[in-house]
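Colleague: got a sequence here, can you model it:
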Amino acid sequence: MTDPLGLVGGAQQTQQAAGLASNKRAGEAAGPAFKDLLMENIEQVNKLQQDATQAIEDLSTGRRDDVESVLLATAKADTAFRLLQQVRNKVFEAYAEIQQLRV
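Modeller: Purely as a prediction, here's the structure:
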């Protein structure tokens, strides 16, 4: 039986743990962090909402005549916001599940 935390054992387990740590660092360098992706998506959703608001204002002031593009912009913003909301809900669910883990 091996020690899952690597607290008990000899040099071989220490070397294995060092190898796992170096692999983990290599994996981190391969892609962007979750936080960065989340912040980028929040900015994109914000931009879509601003575009939709601007389209509505343009339609109401008469600077724009095409109702279809306004509806499309608001639908895009709504869909993006709902998706971001679902991601947030899943993150909170995962956090709550991690909090319930016994150490």
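Colleague: all helices for the chain, in order.
Modeller: Assigned by DSSP state H, the helices in the chain fall at 11-30, 34-61, 67-99.
Colleague: export those helices to a markdown table and tack on mean neighbour count and mean pLDDT?
Modeller: All C-beta atoms are positioned from the backbone trio N, CA, C, and that covers glycine. Listed next are those as a markdown table, based on neighbours: other Cβ atoms under 10 Å; pLDDT from 0 to 100:
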| stretch | mean neighbour count | mean pLDDT |
| --- | --- | --- |
| helix 11-30 | 10 | 56 |
| helix 34-61 | 13 | 95 |
| helix 67-99 | 12 | 95 |
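Colleague: ok, the residue most central in space within the chain - contacts?
Modeller: Closest to where the C-alpha atoms of the chain average out (Cα atoms, centre = their mean) is L38, at 3.4 Å. Listed by Cβ atoms under 8 Å, 6 or more residues apart in numbering, the contact set of L38 reads V87.
Colleague: separation between the spatially closest residue to F81 that is not a sequence neighbour and V103?
Modeller: Spatial nearest neighbour of F81, excluding adjacent residues (Cβ to Cβ, 6 or more residues apart in numbering): V45 at 5.6 Å. For V45, the distance to V103 equals 36 Å [Cβ to Cβ, to the nearest Å].
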